[in-house]
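Q: Fold the following and give me the result.
(4 chains)
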There are 2 protein chains.
Amino acid sequence: MKKIVAPKLRPVENLTQVDKIEINLQEYFKNGNFSPGDAIPKETELALAMRVSRTAIREALSRFKILGIIESRKNRGMIITRPDILTNMQRVMDPKLLDGETMKEIFEMRLVIEMGLADILFFRKTESSLIKLEEIVAKEEQTDNKIERLKYDVEFHSMLYEISQNETIQRFQKMLLPIFEYVDNGLHIKSQVQDAEYASHRVLLNVLKNGTPEEFRNKMRKHLYNYFEKV
Amino acid sequence: MKKIVAPKLRPVENLTQVDKIEINLQEYFKNGNFSPGDAIPKETELALAMRVSRTAIREALSRFKILGIIESRKNRGMIITRPDILTNMQRVMDPKLLDGETMKEIFEMRLVIEMGLADILFFRKTESSLIKLEEIVAKEEQTDNKIERLKYDVEFHSMLYEISQNETIQRFQKMLLPIFEYVDNGLHIKSQVQDAEYASHRVLLNVLKNGTPEEFRNKMRKHLYNYFEKV
DNA sequence: ATTTTAAATATGTCTTACATATTACAATAA
DNA sequence: TTATTGTAATATGTAAGACATATTTAAAAT
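A: Predicted structure coming up:
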């Protein structure tokens, strides 16, 4: 029997109708030059225009609600809203669902950000913020409890972000915290042995008080690079 | 007539049933210790368990589909999937929908990242990547067309991110490009007058070739700080 | 002029019905 | 037996109809 070899066939498109409506709407929102507050057509009109049922339209619209792109005023209609760029990212920031490679990259991104922050930190540091850092470091040094120390580690770095006074960067860091904790807990990193070069929080703080941005970057590199095989 | 003064009342909760189901499911997914590929209960079971209609369940589930948290194999059931942390952010990254303050903060974040990248760039730069940068700079210098120059500007900085070999950071940059372009186009920034300190792409390239990470950071600061009133 | 009523409207929810892709398994042909 | 084809069961996808309800608008009543 002759074996029939299948010719090059592309897999059939496997999008549901709702998926297609979603794509349609995304285009519509993107190109519509909408501003927050603008009304969009009502469900029945959309259903009529796209020749689908109201059910399907509603399922697609529901997707955009979780993104914060639209909002419905009950019984009045739906409007375009100002989405929050970080909440959606936050929703899916689950170490259990991310792969190792991505987490390593995210951790490297943290390193990039914390080194890049140096100039801003020296520019925006205040007496009170340095005192707060001092308190955190002091408490950290007074405990041997591993969990406690981890807590103060998070607090120290969070405080640095706070000093930046950049809300977006701060929220970005808070969002990534689950990843950092996961990495800090010893997965995907090299041995925790702290070599002679290691820079402690105390060292970082002293540099921030009396040093230069350049010194701070060097110490921060030594503080965090410890977690990498190589950069 | 006596005027009744309303006591301090909290606004009534204004969540729809689907919103509540969404919250329920978010909890369920988060605490369920799911791994990608795991199946979740079928729609009718969820509807029964939550005492709501299948329609409402479907609208809520649909929301998680756009986040990439679940996926449905048609007629077989739904499974947990590995979400992409950046696509959702991308969906809402529309300069028209963001407020000015957020955009300024995002631009500052760019500055932080591009300065923080220095060490990695020097570690991962290659001959071929330097040649590509050289080509971009050469083409930029040969044109006076404003739009062309903007194009090469984007290419230059994109190439830097590429050298980092960090996919996440690269995608982050690509996602923010609309913002950068919007800012570059002259809104929310100080005068474009380039002071004597200004560092060109040519300068940055030469430093990357023969200088140190520290020099690179200084030049990058001067290259980008130009866009700020003060940092 | 002010308040009350009533109608119209659009979203929210539920129910029922059926279509359809996938799977597993039985039936059939080689 | 072995491989292919057919078939039933299943869960999701889609549609349509019905009604609830909050909001708005306008008409009606005070």
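
Q: Count the neighbours of the closest residue to chain B within chain A for me.
A: Scanning chain A for the residue nearest chain B gives A:Gly116, at 2.7 Å (criterion: CB to the nearest CB). C-betas here are computed from N, CA, C, even on glycine. A count of nearby residues for A:Gly116, using other CB atoms under 10 Å in any protein chain shown, gives 25.

Q: That one contacts B:Ile120, correct?
A: No. When contacts are counted by CB atoms under 8 Å, A:Gly116 is not listed as touching B:Ile120 (11.0 Å).

Q: Can you tell me the number of residues neighbouring A:Ser158?
A: For A:Ser158, the count of nearby residues is 15 (other CB under 10 Å).

Q: what about it, is that helix, strand or coil?
A: Using DSSP: H, G, I helix; E, B strand; the rest coil, the three-state assignment for A:Ser158 comes out as helix.

Q: residue contacts, it?
A: When contacts are counted by CB atoms under 8 Å, 6 or more residues apart in numbering or on different chains, A:Ser158 is found next to A:Gln173, A:Lys174.

Q: Do a quick rundown of the strands in chain A.
A: Taking DSSP state E as the criterion, chain A carries its strands at A:39-40, A:70-73, A:77-80.

Q: elements contacting the shortest one?
A: Under the contact criterion of 3 or more CB pairs under 8 Å, 6 or more residues apart in numbering or on different chains; DSSP states H and E, the helices and strands touching strand A:39-40 comprise strand A:77-80.

Q: does any part of the strand it packs on sit near chain B?
A: Yes. Counting by CB under 8 Å from any CB of the partner chain, chain B has neighbours in strand A:77-80: A:Ile80.

Q: Counting by contacts, list what that strand packs against.
A: Counting contacts by 3+ CB pairs under 8 Å, 6+ apart, strand A:77-80 packs against strand A:39-40, strand A:70-73.

Q: Redo the ones you listed as a markdown table? Include mean pLDDT and distance to DNA strand D.
A: As requested, those are arranged in a markdown table below (pLDDT from 0 to 100; distance: least, CB to the nearest atom of the strand, whole Å):
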| stretch | mean pLDDT | distance to DNA strand D |
| --- | --- | --- |
| strand A:39-40 | 94 | 12 |
| strand A:70-73 | 92 | 7 |
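
Q: Rebuild those as TSV, extending it with distance to B:Glu127 and mean neighbour count.
A: What follows is the helices and strands packed on strand A:77-80, written out as TSV (distance: least, CB to CB, whole Å; neighbours: other CB atoms under 10 Å in any protein chain shown):
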stretch	distance to B:Glu127	mean neighbour count
strand A:39-40	53	16
strand A:70-73	50	16
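
Q: just so I know, which of these lies nearest B:Lys20?
A: Distances from B:Lys20 to each of the helices and strands packed on strand A:77-80 were compared using CB to CB; the shortest belongs to strand A:70-73, at 15.1 Å.

Q: Which residues outside that closest one are in contact with it?
A: Taking CB under 8 Å, 6+ apart as the criterion, the residues outside strand A:70-73 that touch it are A:Phe29, A:Ile40, A:Leu61, A:Phe64, A:Lys65, A:Met78, A:Ile79, A:Ile80, A:Thr81.

Q: partners of that strand, with directions?
A: Strand A:70-73 sits in its sheet next to strand A:77-80 (antiparallel), going by DSSP bridges.

Q: how about the partner strand, does it get close to DNA strand D?
A: No. For a cut-off given as CB under 7 Å from any atom of the strand, strand A:77-80 has no contacts with DNA strand D; the smallest distance is 9.1 Å.

Q: and the gap between the nearest residue to A:Pro41 once chain neighbours are set aside and DNA strand C?
A: With CB to CB, 6 or more residues apart in numbering or on different chains as the criterion, A:Pro41 has its nearest non-adjacent residue at 7.3 Å, and that residue is A:Ala49. To DNA strand C, A:Ala49 is 13 Å away according to CB to the nearest atom of the strand, to the nearest Å.

Q: can you check A:Ile66 too?
A: When distance is defined by CB to the nearest atom of the strand, A:Ile66 is 13 Å away from DNA strand C.

Q: Could you pull up the contacting residues of that residue?
A: For A:Ile66, the set of contacting residues under the criterion of CB under 8 Å, 6+ apart consists of A:Asn88, A:Arg91, B:Glu22, B:Arg63, B:Phe64, B:Ile66, B:Leu67.

Q: again, 10 Å this time
A: Contacts of A:Ile66 were listed using CB atoms under 10 Å, 6 or more residues apart in numbering or on different chains, and they are A:87-88, A:91, B:19, B:22, B:26, B:60, B:62-67, B:88.

Q: and these as a markdown table, adding distance to A:Ala56?
A: Formatted as a markdown table, the contacts of A:Ile66 follow (distance: CB to CB, whole Å):
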| residue | distance to A:Ala56 |
| --- | --- |
| A:Thr87 | 26 |
| A:Asn88 | 23 |
| A:Arg91 | 24 |
| B:Asp19 | 20 |
| B:Glu22 | 19 |
| B:Gln26 | 24 |
| B:Ala60 | 15 |
| B:Ser62 | 10 |
| B:Arg63 | 15 |
| B:Phe64 | 17 |
| B:Lys65 | 13 |
| B:Ile66 | 14 |
| B:Leu67 | 19 |
| B:Asn88 | 22 |
